Structures are given as structure tokens and as C-alpha cells.
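Trainee: task: produce atomic coordinates for the following.
(2 chains)
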There are 2 protein chains.
Amino acid sequence: MTYITSGKVLRVLLYICWMAESGVKQPLLTESLDVAPKTNQKINHRRRFRRCKSAPLAEFTPGELNGKDGSLPRSESIFNKLHPSIRKVAIFLFLYLAVGAFCFYIVRHQIAGERTDGVLDSVYFCIVTMTTVGYGDLVPNSVATKLLACVFVFSGMALVGLMLSRGADYLVEKQEVLLVKALNLRPKVGPTETTEEIETQKVSYKCATVFIFLLVLIVVGTAFLTIVEKLDIVDAFYCVCSTITTLGYGDKSFSTKAGRIFAIFWILMSTLCLAQFFLYIAELNTEKRRKELVRWVLTKPMTNVDLEAADLDDNGIVGAAEFVIYKLKEMGKISQEDISVVLEEFEYLDVDQSGTLSTSDISLAQSS
Amino acid sequence: MTYITSGKVLRVLLYICWMAESGVKQPLLTESLDVAPKTNQKINHRRRFRRCKSAPLAEFTPGELNGKDGSLPRSESIFNKLHPSIRKVAIFLFLYLAVGAFCFYIVRHQIAGERTDGVLDSVYFCIVTMTTVGYGDLVPNSVATKLLACVFVFSGMALVGLMLSRGADYLVEKQEVLLVKALNLRPKVGPTETTEEIETQKVSYKCATVFIFLLVLIVVGTAFLTIVEKLDIVDAFYCVCSTITTLGYGDKSFSTKAGRIFAIFWILMSTLCLAQFFLYIAELNTEKRRKELVRWVLTKPMTNVDLEAADLDDNGIVGAAEFVIYKLKEMGKISQEDISVVLEEFEYLDVDQSGTLSTSDISLAQSS
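Mentor: Below is the predicted model of the structure:
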């Protein structure tokens, strides 16, 4: 964790706090850039180009496509206050565990191993299978249960994937905000701070949040195994490591009733937490490489050949927007395909075929 | 696999074959678009904008940053012919297994369970730990080995992550090309085919390739366990499923010498294969949602407010390039930050401050 300096973390904390308090939802970056020039005019000495300030990332929800969603009145229960993607994941998880527990409860006599309570064991077996920990303290010992376990491990993996892609990132962001509020920090974003830096810090801060949460889970798990399952401290730590990595040798596992109740929640949280941590590390690496590429593209000297290639409308000069497209393409941010698709739309909108869009094109389009 | 029609797969096969034969490396999309208009002029009836044809994704290698790499003479062994990222992964994997096997061989008397051969068991234990299968047929039973296993499972997970992010995708692409060559197919890319379609098909084709490879691995694994390890067919299939998902209950595992030699290669390949398959499924979903968003942004009617916001240089009219930037920003492809960074570079390059770049700016920059 050498790349996360405490200063960086603090600045991100402050930034996030400020975002949270000003009620900004999305997009964080666009808004903050609009604010920066106002607070410090000195940086702006050569800026002649306006920021296309009202072109944020379109707030797209599939519901808007048919225009039906949003008009429905909604009850204000806590469940409905949840983010839609979290709600979806929660429903899937509930269904998975309900169906899984039911199935394995029915065939509970065809599962060999250390038993505690019928329903509890079924749910515990579901969680151990779904997260692919697979201790082996409970194993299916009939053809039917073996095939059932195969079905549940594949669907469980898909569900874990869904959780990681939809829910986890959102929850980590929420946690950050809560943490900042608890620490009672106030915004002090410096004007010299570029949003690029903030974005990278955001990822490394998420990384740090998950890491702290993971450490807490490891400590709690080790303590629990020592106190409740009566394992010695090394065995407890070894069992914790073997569980969160989904290794699950199975020589040490949760064998008491209390242990299994704890395990249901703890295994799910800790395995997801470690997976999310690895995902953030990967994101940090990608971010770093992307920034190197951006720096390289920007410092590359411009030649006449580049100039000709960048000249989209073939008028001999390269405008600011043409230059932006050319460079972003070099950076791999956008592809020729992206440009072509939008250009086709442009040619369709350019009713008077002047090569530019103006208010006359808009009124012509509306009248026709 | 309902979304992959045989026609689609075939078209991608053809496309990939064509790319492979024409020797095109990167970027696939840019090149193919330049070719399309030449072969079919009819589509082009309203196209007034040139494709910035020589602005491909910059072929960036970190070595170019210091200008040292590439000048070194290299021996032409097979190992050196490998893609750099594959080579890196292979070195890491070799080091990991060498160090792991050595460590666990030293402490082999502190590992309990079914033994076959000292070195073989150490490598097998390494693979089972690294992929987080963790059967539990071999378990560490001293403090030192337990802590060693903890270290190796975390570093193994990181290594598997590296393999998935660097090597696997590249290998799948290679496989496709080989498959196409073996089937002796010839390119017949239709002119009506957009590159967007090709891109999506590329992902779904990769998905199909991995799926086929996974099926082969499942069949081979099941057959091997039935014949060599003398398991009945259901148990063999159950053991295969429990292994490739890294579940590893451990009631059924590889206990013979031949079985463990096979397991070393088979476990590594099959677990990576399934993980890669899930990654491709996720990529397909992202692609699908991205396309929905693009369609939504493009069909949204343009208003005077949009027009004003898109007008980057504030001259009252919106050029093609400005329109492209505005729409790509709405699609979330690029951020305000990306634009700002490039605009700063533009203002620096625009020596005569005309608001456009021309050959005079280039010569002024070179002379100064």
C-alpha cells in the first residue's frame, strides 16, 4: 500500500465530503471542472475555449427508453430507497438462498458431514458452495445432491459476479461518505488540484476503504474462531485466510451452531471484499497505464502528416475540436466507429447541408 | 448461448481470417473502415467528412518512453517470439511454481494427507492452492506450513489475476486464428457490415471459443477421472465441476501419480478458462448496455440549448468535430477532463493564436 500516502487519502476524503454535501450526483468530474476556473482566474490566462458545460454524461436509465418508468408512485419503504442495482442484487441473493436452502433441506439426509441444525446447515452449505469456499465439512453423497451442488455452484458464481459488478462499488462509495461524515471533515479542495488526480485518488481511496474493511473482517473472523470455535490463534488466522480466498481446505471450518450463523454473513462479506479489493488494484494499474499513454500522446510532436490526418472537414486547417478528436483517438479513448456513427447523425441533422449546425438547422428539422 | 447465432459466428470467423491474412495488427477497426468506402461507393452518398485515417490508436509501448527498447538485438528462440505480456506471465508462473514447489518440498513432512511423490505433490499442492481449489486432500499441519499456505494463496490469486488480465485474452485470439486456418475459411466481409456489429461479434465469438474449449476440458477431465482415477461417471463430473469452479469440496480428488501430473495442467487451464468465460459474458453485457446508451443519445432530438452547449469555440455554429465531441461526451465515452487536457496542448501548439492549427503553426513551433 505504498502508493497511498495519507495526504492523498485525506484530500480524497475532503473531496468526497464536498461532493456529498453539495448534493452533486453525477457526473462528479464535469461539475468540478466548471467550478475550478471561477475560484481561480489565474490559471485561465490562455483559455479561449468554452467548456461544453451542459453536456454531462447523459443520465441514462433503460426505463427512459419507453418513457414509462418514473411516473409510477412509489411507497417510501427502506427497501425502495435502495439503489435499483442493489435492490436487484438483494432480490437475486434472497431468491438464490431461499431456493438453495429449500432444495438442500429436502435432501439433507443425502449430505454427509458435521451437522448442527437442518435449515441452518442448508443455508450454510449454500453460502459455502456459492462463494466456492467448499470446505468439504458438508459434502453431497448421492447422485441427486452432487448434481444439485454443480447447478448451485455455477449459478452462485454468476450471482457473485453480478454482486461485484453492480452492488459492491456502490456500497464502497456509500461507506466513504459515511466515514467522512463520522470524522466530521470539511471540504478544502485546492485550486491546483486537477480532476485527473482526483479520479486516481478516488480509486486508491476506494482501495484503501476496502482494505480497511477487509482487515476488520479478518480480525473479527480470527477472534470469533478463537473464542467460539476454540481454535488456537494460528489455526484461526489460517482458517480465515483459507476462507476469504475461497481456498477452503476444510481441515478447519465452522462446526458449531453459533459459528455457522456467523459464517453465513462473514463468508459472504469477506470473500466479496477481497475480490473487490483485487478489482480495485487492477483498476489502479489500468489507470496508471492509461495516464502514461495520455502523457506520451500529448508530448509527441505534431507533424504536417498529423495535421492533414486530423483535418476532419478537409479545409486545410485543424480546429480545436478536430484536434481533440484526433488526440483522443490516438489515446485509444474513442474509435473511428464512434466518430462515424455520430458523423452520420450530424449529416442527417445538417438539413441545409452547410457543413455546420446552426439554429436554422434546428428550426428546419422541427418544421419538417 | 442463444445470442450467438451460427451466422454471426461464421461472419466473425471470416472477418478474423481476413484480418489475419492481410497482416493487420492493430487497430482492427480503423483499418476496416477505411477499406469499406472504397469497395462500395453507394453507401457513401452523403459523406462529406474524411475519416482521420492515419490516426490509429498509437502503438504505445512503455519502452518507447525512454527510447532504449527495440534497439537491442534479440535471439530468435520460440520463447522470445512470444507476446511480451505472455512471456512476463510465463516467467512469473514458472518462478511461483519453482519457489512454491521448493518451499513445500522442504516442509513436505508437515503436510498431511494422501502422498504420492515428494516433488509432484509439492507442485500439485501449489496449483491446488494458487487456483484456490483447495481440495483438502493435502493439508498443512504445522504453524510454518499453514502460514506458508496463506502467503501462497494470496500471491497465487494475484498471479491468476495477472494471467486473466494479460495473457488469456491474447491466447483466445490466437486460438481463433488457428481454428479459422484449420477450417480453411476465406474472407467474405460484406459491405453492409458495420464495425460496431463486428466488434460485438468479436466478443461473442471469443465467448464461444472459450466455451468450446471449456467443454473439451470438462469432457477430458471427466474421462480421465473415470479411466485413471476409477471414479464412476457422476462422481467424475461432480469432481470436474467442483474443480473448475474452484469449489474443491475435496471428497473426490486426484490421488494417483498419473492423476496429479494431469491435474497440474488441467486444473490451471480449466479454472482460468471458466474465469475467462465469465469475464467475456460480463464484457458482452457491458457492450450491450453501451450500445443501448449510444442509440439513446443519437436519437435524442437536438435543441437550441444543446447547440449552444456543443459550440466549443463560441462562434455561434457547431462544426462536425464539435458535434462529435458533444455527443461522445453525452455517451460517457470521454470526459470533460479528457477534452481540457487536449485543449491545453492545442493552445500551446497554436503559436499564432489563430484558434486553428495550420502548417504555419508547425513551422513556427519547429523554428522556435
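
Trainee: can you pull out the strands in the stretch 51-200 of chain A?
Mentor: A:111-113, A:138-140 (DSSP state E, counting those that start in this stretch).

Trainee: now for the last one, which elements pack on it?
Mentor: In terms of contacts (3 or more C-beta pairs under 8 Å, 6 or more residues apart in numbering or on different chains; DSSP states H and E), strand A:138-140 is packed against strand A:111-113, helix A:118-130, helix A:143-162. Where you see a C-beta, it was placed from the backbone N, CA and C, and this is true even at glycine.

Trainee: other residues contacting that strand?
Mentor: With contacts defined as C-beta atoms under 8 Å, 6 or more residues apart in numbering or on different chains, strand A:138-140 is touched by A:107, A:110-115, A:121, A:124-125, A:128, A:146, A:148-149, B:238, B:249-251.

Trainee: now with 10 Å?
Mentor: Applying C-beta atoms under 10 Å, 6 or more residues apart in numbering or on different chains, the contact partners of strand A:138-140 are A:104, A:107-108, A:110-116, A:121-122, A:124-125, A:128-129, A:145-150, A:152, A:250, A:253, A:260, B:238, B:242, B:249-252.

Trainee: just the buried ones from these?
Mentor: Buried residues within the contacts of strand A:138-140, counting neighbours by 16 or more other C-beta atoms under 10 Å in any protein chain shown: A:104, A:108, A:111, A:113, A:116, A:121-122, A:124-125, A:128-129, A:145-146, A:148-150, A:152, A:250, A:253, A:260, B:238, B:242, B:249-252.

Trainee: the one helix or strand A:Leu298 maps to and chain B, any residue contact?
Mentor: Element membership for A:Leu298, per DSSP states H and E: helix A:257-299. Yes: judged by C-beta under 10 Å from any C-beta of the partner chain, helix A:257-299 and chain B are in contact via A:274-275, A:278-279, A:281-282, A:285-286, A:289, A:292-299.

Trainee: any of the residues you listed buried? List them.
Mentor: Using 16+ other C-beta under 10 Å, the buried ones in those are A:274-275, A:278-279, A:281, A:293-294, A:296-297.

Trainee: returning to that earlier point: turn the helices and strands packed on strand A:138-140 into a markdown table, including mean pLDDT and distance to B:Met331.
Mentor: Converted to a markdown table, the helices and strands packed on strand A:138-140 look like this (pLDDT from 0 to 100; distance: least, C-beta to C-beta, whole Å):
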| stretch | mean pLDDT | distance to B:Met331 |
| --- | --- | --- |
| strand A:111-113 | 90 | 50 |
| helix A:118-130 | 92 | 35 |
| helix A:143-162 | 91 | 24 |
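
Trainee: adding distance to chain B, write the ones you listed out as CSV.
Mentor: What follows is the helices and strands packed on strand A:138-140, written out as CSV (distance: least, C-beta to the nearest C-beta, whole Å):
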stretch, distance to chain B
strand A:111-113, 8
helix A:118-130, 6
helix A:143-162, 4
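
Trainee: could you chop chain A up by domain?
Mentor: What automatic domain parsing lists as the domains of chain A is A:6-36+A:77-289, A:304-367.

Trainee: could you dump these into JSON lines with distance to B:Gly161 added?
Mentor: As requested, the domains of chain A are exported to JSON lines (distance: least, C-beta to C-beta, whole Å):
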{"stretch": "domain A:6-36+A:77-289", "distance to B:Gly161": "6"}
{"stretch": "domain A:304-367", "distance to B:Gly161": "22"}
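
Trainee: so for B:Phe265, which of the ones you listed sits nearest?
Mentor: B:Phe265 lies closest to domain A:6-36+A:77-289 among the domains of chain A, at 20.0 Å (C-beta to C-beta).

Trainee: show me the shaky parts of the stretch 51-200 of chain A.
Mentor: For the stretch 51-200 of chain A, the stretches flagged by pLDDT under 70 are A:51-82, A:167-200.

Trainee: again, but for the stretch 251-368 of chain A
Mentor: In the stretch 251-368 of chain A, residues with pLDDT under 70: A:368.

Trainee: nearest residue to the residue of it found nearest chain B in space, please, no chain neighbours.
Mentor: Distance from chain B to each residue of the stretch 251-368 of chain A (C-beta to the nearest C-beta) is smallest for A:Ala321, at 3.5 Å. The spatial neighbour of A:Ala321 that comes closest, neighbours along the chain excluded (C-beta to C-beta, 6 or more residues apart in numbering or on different chains), is B:Ala321 at 3.5 Å.

Trainee: and the angle for the helix or strand where that neighbour lies with helix A:320-330?
Mentor: Secondary structure from DSSP H and E places B:Ala321 in helix B:320-330. Put simply, helix B:320-330 runs at 50 degrees to helix A:320-330, going by axes from the mean of the first three to the mean of the last three C-alpha atoms, to 10 degrees.

Trainee: now the following helix or strand past helix B:320-330: buried residues?
Mentor: With elements assigned by DSSP H and E, the helix or strand that comes after helix B:320-330 is helix B:336-349. Buried positions in helix B:336-349, judged by neighbour count with 16+ other C-beta under 10 Å: B:336-343, B:345-347, B:349.

Trainee: which members of those residues additionally contact chain A?
Mentor: Counting by C-beta under 10 Å from any C-beta, the members of the buried residues of helix B:336-349 near chain A are B:336-343, B:345-347, B:349.

Trainee: widest-spaced pair of these?
Mentor: B:Gln336 and B:Leu349 (20.3 Å).

Trainee: count of neighbours near A:Lys88?
Mentor: A:Lys88 is flanked by 14 other residues according to other C-beta atoms under 10 Å in any protein chain shown.

Trainee: I figured it hits A:Leu162, correct?
Mentor: Yes: with contact defined as C-beta atoms under 10 Å, A:Lys88 counts as touching A:Leu162 (8.2 Å).

Trainee: can you give me the helices in the stretch 51-200 of chain A?
Mentor: A:78-81, A:84-106, A:118-130, A:143-162, A:169-183, A:195-227 (DSSP state H, counting those that start in this stretch).

Trainee: nearest to B:Gly156 among those would be which one?
Mentor: Taking C-beta to C-beta, helix A:195-227 is the member of those nearest to B:Gly156, at 17.4 Å.

Trainee: packing partners for the closest one?
Mentor: Where contact means 3 or more C-beta pairs under 10 Å, 6 or more residues apart in numbering or on different chains; DSSP states H and E, helix A:195-227 is packed against helix A:6-21, helix A:28-39, helix A:169-183, helix A:233-244, helix A:257-299, helix B:336-349.

Trainee: one more pass at 7 Å, please.
Mentor: Packing partners of helix A:195-227 (3 or more C-beta pairs under 7 Å, 6 or more residues apart in numbering or on different chains; DSSP states H and E): helix A:6-21, helix A:28-39, helix A:169-183, helix A:233-244, helix A:257-299.
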